[in-house]
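**Student:** quick one, what's the 3D model for this:
(2 chains)
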Amino acid sequence: MSGRIGLITRYVVLGGLGIIWLLPIYLLLANAGKLTSEYSGSELWSPGNLPALLSNVGEVFSTTDVPSGLGVTFLYATIAPLIAVILGAGIGFAVIVLKLKHGFFWFFVVFCGTVFPLQIMVIPLFASFSQIGLFDTFAGMTIVYAAVATPFSAFVMRNFFAGIAETVFEAAVVDGASAWRIFTRIYLPMSRSALVVVFILQATWVWNDLLLALVLTQSASTRPVMPLLAALQSTEGGGSAYTVVLTAALIVSIPTALLFMFTQRVFQRGLSLGQY
Amino acid sequence: MSRRSSTNYQRAAWGFLAPGVVAVVLVLHLPVLYTVFLSFTDFNGLGDPEFIGIDNYVRMFRDPAVLTSITNTLLWVVGTLVVPVGLGLVVAYLAFGLPGGAWLRVPFLVPYALSGVAVGVVFSFVLQNGGALSQALAFLNLPGSELRWLQDAPLNTFAMIIASAWQGVGVNALLFTVGLQSIPKEPLEAAKVDGAVGWRLFRFMIWPLLRPSTTIVVGLSIVNSLKTFDIVQSMTQGGPNRVSETLGVTMYRNTFLNSEYGLGAAVALFLTVITLAASIIYLRRQLTIGEPVKKAVRS
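**Tutor:** Numbers count the residues shown, from 1 in each chain, chains lettered A, B, ... in the order given. As a prediction, the model looks like this:
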């Protein structure tokens, strides 16, 4: 009997907490679904409607920099993690499979990149990028994002390659394959699952980045969505245009939400690797 | 045999290693070193930095704004351990083994799909004066509807920790669930037969066996809470009057808004040193090629 009560208590507690947890999401949707003209500060809990939401989406796309931000952020979030995945796999391959002398030392040097807060890199990046013309450029941002994502990628790929039997490499050597061929034809295809984990986690990270974007960009053509959203919040937040800000928050979250929904298993694997 | 065939590939190995190492050293490590240097100079963004010894550090520890920021950052660390980690464990434990438990965890994962800035936007909206939370409290006749959640310190820091917890609980619950799943069944069954239930079962059986997950969750939470930036920057920008800054926000403000690059560099170095110290908790575990990690990637 007491077991039954315990069970019911667990459902009630979890269900209650779960409902509380969804309330901010409800408020986001409800108020992104209200027209600025209908918005009333005293009716924040009343539901919104779809036509108003669509009208707000139109508003975001026609009056803010969010659309161009979405485009450029999409490019950063695909190109930079792709570069990082390849660079990281190269490091893992050299250290584990090709048994580079002092390989662990070099791996450790790269790995140290995961532990520094970004705050300790941004001043010199800002100063040097300004001098060599990479400040506020697409190339500059891509380079920084790729470099920041590389240590974690190297960490995962090293661990992954360490789990592949050495005989795989030896057999390929006997067949006379070059190191490059072994890398591209055997090891990269074998490690697709790990590459995907790294890519997805880093794409999400780049998409959500605020600090690097704030420091290293200023023009509409290079500035990613998160600083744009933060700027909208500080200029429009508080008044009736809040509906448009909330809609913008909703729009910029959709890509990562979809990615998260469709790759939940991958996320779970990645999370246990120690990054979120 | 394998050793010899591999050592023949030393030159090729450099080719695979070099691009990544060069990128990381040039873009991450050199800036780190240069920031260390700048923290001992009066650099203001223009002209040549001039060496001024430890002046920035002296100024930093005398600056009330920085001291507030250090206190707030500590609040963030403690708050993050209590709320998202503690609640994450509660959610994971309550849902574990419950029919439909996986579905009951879903609401907690939804906020994880939002970025820190989006969470900031939503909670600024919810917490504004006379906003959704105040209205709800007034409607339910609960106290607190008159509180200025984001204006008064230290209330605003607590409010933002809750916002961050709202986002982080689901992930921690997920990590704890993975940990709970990996606990072997036999000793638990034996303990139950011996009459261990409820709190005793948790305290003496599950908690010790859950230790690997706890180490990771706690380590990550400490490190990430030390680096708190996005939520504060998007909700209060550290204000009003710098009362809700964290070290990450202070560094940004000193450097890029007040053009005190040397001071900003000193704050950045201070933050880095604490973060490194905290990282050691779980780094040692990550660097040994751990079995759980390998399994996690390849399953």
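**Student:** domain map for chain A?
**Tutor:** Following automatic domain parsing, one finds the domains of chain A at A:2-62, A:66-236.
**Student:** who wins for proximity to residue B:237 among these?
**Tutor:** Among those, domain A:66-236 comes nearest to residue B:237, with 6.9 Å by CB to CB. No exception for glycine: its C-beta is placed from N, CA and C like everyone else's.
**Student:** next, the distance between the ends of the closest one.
**Tutor:** Using CA to CA, to the nearest Å, the end-to-end distance of domain A:66-236 comes to 14 Å.
**Student:** how much space separates the residue nearest the centre of chain B from chain A?
**Tutor:** Among the residues of chain B, the one closest to the centroid is residue B:224, at 1.7 Å (CA atoms, centre = their mean). As for residue B:224, its distance to chain A is 8 Å (criterion: CB to the nearest CB, to the nearest Å).
**Student:** what score does that residue have for pLDDT?
**Tutor:** pLDDT recorded at residue B:224 is 89.
**Student:** if you count neighbours, what's buried in the helix or strand hosting it?
**Tutor:** When elements are assigned from DSSP states H and E, residue B:224 belongs to helix B:211-226. For helix B:211-226, burial by neighbour count (16 or more other CB atoms under 10 Å in any protein chain shown) applies to B:213-214, B:216-226.
**Student:** stretch A:43-62 too?
**Tutor:** So for stretch A:43-62, counting by 16+ other CB under 10 Å, buried means A:44, A:48, A:52, A:53, A:55, A:56, A:57, A:59, A:60.
**Student:** ok, which of those also contact chain B?
**Tutor:** Within the set of those, contact with chain B (CB under 8 Å from any CB of the partner chain) is found for residue A:44.
**Student:** and of the buried residues of stretch A:43-62, the nearest to chain B?
**Tutor:** Of all the buried residues of stretch A:43-62, residue A:44 has the smallest distance to chain B: 4.4 Å, by CB to the nearest CB.
**Student:** right, is the lengthiest helix in chain A up against chain B?
**Tutor:** Using DSSP state H, we find that the single longest helix of chain A is helix A:2-32. Yes - contact of helix A:2-32 with chain B (CB under 8 Å from any CB) involves A:6-7, A:10-11, A:13-15, A:17-19, A:21-22, A:24-25, A:27-28, A:31.
**Student:** just the buried subset of the residues you listed, please.
**Tutor:** The neighbour-count test (16+ other CB under 10 Å) applied to the residues of helix A:2-32 next to chain B identifies A:10, A:11, A:14, A:17, A:18, A:21, A:24, A:25, A:27, A:28, A:31 as buried.
**Student:** ok, back up a step: and the buried residues of stretch A:43-62, which of them are in helices?
**Tutor:** Using DSSP H, A:52, A:53, A:55, A:56, A:57, A:59, A:60 are the members of these that sit in helices.
**Student:** tell me what the host helix or strand of residue B:13 is packed against?
**Tutor:** Element membership for residue B:13 (DSSP H and E) is helix B:10-24. Contact here means 3 or more CB pairs under 8 Å, 6 or more residues apart in numbering or on different chains; DSSP states H and E; on that basis helix B:10-24 packs against helix A:66-92, helix A:103-111, helix A:138-162, helix A:179-181.
**Student:** the shortest one near chain B at all?
**Tutor:** Right, helix A:179-181. Yes - contact of helix A:179-181 with chain B (CB under 8 Å from any CB) involves A:179, A:180.
**Student:** give the next helix or strand downstream of that helix.
**Tutor:** helix A:188-190.
**Student:** quick one: mean pLDDT for that following helix?
**Tutor:** Average pLDDT, helix A:188-190: 91.
**Student:** pull out the buried residues from that helix.
**Tutor:** Of the residues in helix A:188-190, those buried (16+ other CB under 10 Å) are residue A:188.
**Student:** likewise stretch B:89-100?
**Tutor:** Those would be B:89, B:90, B:91, B:92, B:93, B:94, B:95, B:96, B:98, for stretch B:89-100 by 16+ other CB under 10 Å.
**Student:** ok so, going back, what's the helix or strand that comes right after the helix holding residue B:224 packed up against?
**Tutor:** Proceeding N to C from helix B:211-226, the next assigned helix or strand is helix B:230-235, under DSSP H and E. Judged by 3+ CB pairs under 8 Å, 6+ apart, helix B:230-235 is in contact with helix A:211-216, helix A:225-236, helix B:116-127, helix B:155-181, helix B:247-252.
**Student:** how near is residue A:14 to residue A:7?
**Tutor:** Distance, residue A:14 to residue A:7, by CB to CB, to the nearest Å: 11 Å.
**Student:** swap in residue B:83?
**Tutor:** The gap separating residue B:83 from residue A:7 is 26 Å, by CB to CB.
**Student:** ok, residue B:85 next?
**Tutor:** Taking CB to CB, one finds residue B:85 at 25 Å from residue A:7.
**Student:** same deal with residue A:73?
**Tutor:** Using CB to CB, we find residue A:73 at a distance of 46 Å from residue A:7.
**Student:** rewinding a little: kindly reformat the buried residues of stretch A:43-62 as TSV containing distance to residue B:13 and pLDDT.
**Tutor:** Formatted as TSV, the buried residues of stretch A:43-62 follow (distance: CB to CB, whole Å; pLDDT from 0 to 100):
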residue	distance to residue B:13	pLDDT
A:44	61	83
A:48	59	83
A:52	60	86
A:53	55	88
A:55	58	89
A:56	55	89
A:57	51	91
A:59	55	88
A:60	50	89
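**Student:** between the buried residues of stretch A:43-62, which is nearest residue B:232?
**Tutor:** Using CB to CB, residue A:44 comes nearest to residue B:232 of the buried residues of stretch A:43-62, at 23.5 Å.
**Student:** ramachandran coordinates for that closest one?
**Tutor:** Residue A:44 adopts backbone torsions of phi -70, psi -20, taken as degrees, to the nearest 10.
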